[in-house]
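Participant: Please work out how this folds:
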Amino acid sequence: MQAEQADPKGLIRESYAIEGISDAECRSIFIDWAIGLPVGIDNTMALQALLDRYGSQSDHPMTQVLTEALKTPPPTGRRGGRAGRLGA
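Facilitator: Model prediction:
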């Protein structure tokens with residue numbers, strides 16, 4: 001997959017062009033990108049394509065956000081409802 005296909009609106013590309021962008025701003029741009037991703041595009045492949053294109057800028061906050069997005073979230077430690085009360 002090409003980076004242009006993974007970022008059709010150019011949000012990620014533009015975030016790399018902004019001088020002094022903060023981590024919080026990168027996270028906000030990332031959410032906008034994720035919401036606007038066309039149906040049928042694999043998120044993991046899109047993220048990898050963007051990292052392949054822009055990942056050489058390892059000190060940029062967007063690179064950190066994209067890298068974190070590829071990680072598997074840790075399992076939750078609490079279960080609610082009946083399962084939580086019974087310890088199952």
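Participant: roughly how far apart are residue 3 and residue 61?
Facilitator: Separation of residue 3 from residue 61 (CB to CB, to the nearest Å): 18 Å. Glycine gets a C-beta too; all of them are placed from N, C-alpha and C.
Participant: between these two, who's got more neighbours?
Facilitator: Neighbours were counted for residue 3 and for residue 61 using other CB atoms under 10 Å; residue 61 has more, 20 against 16.
Participant: if I read this right, the more buried one contacts residue 29, doesn't it?
Facilitator: No: look at residue 61 against residue 29 with CB atoms under 8 Å: they stay out of range, at 9.9 Å.
Participant: Return every residue with contacts to both of these two.
Facilitator: Counting by CB atoms under 8 Å, 6 or more residues apart in numbering, residue 61 and residue 29 have no shared contacts at all.
Participant: How far does stretch 57-70 sit from its chain's centre?
Facilitator: Relative to its chain's centre, stretch 57-70 lies at 8 Å (CA atoms, centre = their mean, to the nearest Å).
Participant: can you dump the C-alpha coordinates of it into CSV?
Facilitator: What follows is stretch 57-70 as a C-alpha-only set of coordinates in CSV (Å, rounded to 0.1, in the frame of the first residue of the first chain):
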residue,chain,number,x,y,z
GLN,A,57,11.7,11.1,11.5
SER,A,58,11.9,9.2,14.8
ASP,A,59,11.9,12.4,17.0
HIS,A,60,8.6,13.7,15.5
PRO,A,61,5.6,13.2,17.8
MET,A,62,3.5,11.8,15.0
THR,A,63,5.9,9.0,14.5
GLN,A,64,5.4,8.1,18.2
VAL,A,65,1.7,8.2,17.8
LEU,A,66,1.7,6.0,14.7
THR,A,67,4.1,3.5,16.4
GLU,A,68,1.8,3.4,19.5
ALA,A,69,-1.2,2.8,17.3
LEU,A,70,0.4,-0.4,16.0
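Participant: buried ones in that stretch?
Facilitator: Judged by neighbour count (16 or more other CB atoms under 10 Å), stretch 57-70 contains these buried residues: 60-63, 65-66, 69.
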